[in-house]
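Colleague: I would like the atomic coordinates for the input below:
(one chain, ligands or ions: 1)
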Amino acid sequence: MNRAFQDKALGATGIRLKNAFIKAATFEGMYEHGLPTRALTDHHVAMAKGAIALTTVSYGAVSPEGRTFPHQMYIHDKSLEKLVKLAYEVHQAGGKVCMQLTHCGYFSKNKEVKNPMAPSRIFNKYGAMSGIIFSREMTSEDMAAVSEDFAIAALRLKEAGFDAVEIHMGHGYLLSQFLSPRTNKRKDEYGGSIENRSRFPLELLKNVIDKTGKDFPVLVKLNLSDGFRNGFSLDDCKYVARALEKHGCTAIVLSGGFTSKTPFYLMRGKIPLRGMLKNGSNLAEKLTIAFFGPLIIRKFRFEENFFLDQAREIRKAVKMPLVYLGGVDSRKGIEEILDAGFDFIAIARALIHDPEFLLKLGDGRIDRSACTRCNQCVVEMDRDGIRCVL
Ligand SMILES: Cc1cc2nc3c(=O)[nH]c(=O)nc-3n(C[C@H](O)[C@H](O)[C@H](O)COP(=O)(O)O)c2cc1C
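Modeller: The predicted model follows:
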């Protein structure tokens, strides 16, 4: 475990992290009228004080249309005013800070956007009850504009004092919709083979790196697999990981799942149906969850380090820095991840439960997290902001 607490380089960028631990992006829900609140800063300062080397602020939409919900934050002058202070305070607390950059694609409940963009025309099961029924296929102009939005957002965050960005290519958001054969039905050079499906995400990555420079870390969150048949597969992931390495990506954060189809594949554990029912945005949605929830939301059993077997395959495929994520729970489990050759370790729920998780593991006060993976934190993020209910 001591080896994880040694300072190390974040790829070839020249940036060093004080240890191997990263706080994974978890949608904080700490916004007022789309602007970050004081609570968001406090949340990330607590992570830095808890020995996390790099804390990731979740879901910085690159444009207003890139938001799944209209109250979410997007990167613009007003949010940046608050984010400058957040970055400063995390640095004062001894940590570094990364922003996850996202575009939701068709995964939208944002009524301000009637026809959300996606690789193809797709039925939006998730937003249908909010009246956002179909997406429209993106044109080459749309793609150029979205790529520019990501690159400009990354540059502005660099100027605001952020130490890194993480481009979200997983979990069923726009870039993951391009990568997945289930949602990318394009007939042009951006659809079909994995080489074609990954073309737009890779062009976008190149644009971000060109704008921000080789000294600025650009991480990518990528699915190992979508978690359903005929989706993005582990073989697809190997191909994309190798391509990311060639394109100069700083590190890959490995995850999995598709929020609109297999939301609990990425987390595992209990499905907090009662809370999800309360959060339903209208009667139709509440009724659907009440009657069909147990049938349509697939359950996946929680196991410590649940993505490790798949992630090992990617470790064999590339030499670049890899971040392990998924079910990190104990000192023994962390040793196992380090032995498997991962460079960094990202953690979500164990830190939501207790931001001092690592300090306590480090000094022997605990051997493992007391988080029960009840997943009530998923419900809380849509109420007053993410917190552990235990
Ligand atoms: C409440 C909650 C919110 C999440 N929000 C995001 C998010 O905004 N972006 C993202 O990439 N992953 C999100 N995740 C997934 C986590 O980053 C992580 O992949 C997952 O929780 C597994 O890690 P863990 O076992 O350490 O919790 C979220 C997870 C939870 C529990």
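
Colleague: Show me what the longest helix that the chain contains is packed against.
Modeller: Longest helix of the chain, by residue count under DSSP state H: helix 140-159. Counting contacts by 3 or more CB pairs under 8 Å, 6 or more residues apart in numbering; DSSP states H and E, helix 140-159 packs against helix 77-92, strand 96-102, strand 164-168, helix 199-212. All C-beta spots, glycine's among them, are computed from the backbone N, C-alpha and C.

Colleague: Would you quantify the distance from residue 342 to the ligand?
Modeller: Distance of residue 342 to the ligand, computed by CB to the nearest ligand atom, to the nearest Å: 14 Å.

Colleague: go on, residue 273?
Modeller: 15 Å.

Colleague: For burial, what's the neighbour tally of that residue?
Modeller: When neighbours are defined as other CB atoms under 10 Å, residue 273 has 14 of them.

Colleague: how about the residues of the stretch 251-390 of the chain that lie near the ligand?
Modeller: Applying CB under 6 Å from any ligand atom, one finds that the stretch 251-390 of the chain approaches the ligand through 255, 266-267, 325-328, 347-350, 377-378, 381, 386.

Colleague: Inside strands: which ones of those?
Modeller: Judged by DSSP state E, those include 255, 325, 347 as members of strands.

Colleague: from what I can see the second one touches residue 306, true?
Modeller: Read it as residue 325. No - using CB atoms under 8 Å, residue 325 is not in contact with residue 306, being 10.0 Å away.

Colleague: The two: which has the busier surroundings?
Modeller: When residue 325 and residue 306 are compared for neighbours, residue 325 comes out ahead with 27 against 21, by other CB under 10 Å.

Colleague: Identify the residues contacting that one.
Modeller: Going by CB atoms under 8 Å, 6 or more residues apart in numbering, residue 325 touches 24, 253, 254, 255, 307, 345, 346, 347, 348.

Colleague: hang on, the earlier thing: for the ones in strands among the residues of the stretch 251-390 of the chain next to the ligand, give me JSON lines that also has pLDDT.
Modeller: As requested, these are exported to JSON lines (pLDDT from 0 to 100):
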{"residue": "255", "pLDDT": "98"}
{"residue": "325", "pLDDT": "98"}
{"residue": "347", "pLDDT": "98"}
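
Colleague: tally of neighbours for residue 230?
Modeller: There are 9 residues near residue 230, going by other CB under 10 Å.

Colleague: Could you verify that it is part of a helix?
Modeller: No - assessed with DSSP: H, G, I helix; E, B strand; the rest coil, residue 230 is coil; it does not lie in a helix.

Colleague: can you pull the contacts of it?
Modeller: The contact partners of residue 230, by CB under 8 Å, 6+ apart, come to 181, 182.

Colleague: separation between it and residue 159?
Modeller: With the distance defined as CB to CB, to the nearest Å, residue 230 ends up 42 Å from residue 159.

Colleague: Now distance to the ligand and mean neighbour count too, for the helices and strands packed on helix 140-159, in JSON lines please.
Modeller: Below are those laid out as JSON lines (distance: least, CB to the nearest ligand atom, whole Å; neighbours: other CB atoms under 10 Å):
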{"stretch": "helix 77-92", "distance to the ligand": "16", "mean neighbour count": "17"}
{"stretch": "strand 96-102", "distance to the ligand": "6", "mean neighbour count": "27"}
{"stretch": "strand 164-168", "distance to the ligand": "6", "mean neighbour count": "28"}
{"stretch": "helix 199-212", "distance to the ligand": "15", "mean neighbour count": "20"}
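
Colleague: Is it possible to get TSV of those that adds mean pLDDT?
Modeller: Compiled in TSV, those are given as follows (pLDDT from 0 to 100):
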stretch	mean pLDDT
helix 77-92	98
strand 96-102	98
strand 164-168	98
helix 199-212	98
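
Colleague: Which one of these lies nearest to residue 242?
Modeller: Among the helices and strands packed on helix 140-159, the nearest to residue 242 by CB to CB is helix 199-212 (11.0 Å).

Colleague: So which elements touch the closest one?
Modeller: Counting contacts by 3+ CB pairs under 8 Å, 6+ apart, helix 199-212 packs against helix 140-159, strand 164-168, helix 174-179, strand 218-223, helix 234-247.

Colleague: Nearest to residue 28, out of those?
Modeller: Closest approach to residue 28 among the helices and strands packed on helix 199-212 (CB to CB): strand 164-168, 14.7 Å.

Colleague: before we move on, what SS does residue 262 have?
Modeller: Residue 262 ends up coil, using three-state DSSP.

Colleague: give the contact list for it.
Modeller: Residue 262 is in contact with 226, 227, 228, 298, 300, counting by CB under 8 Å, 6+ apart.
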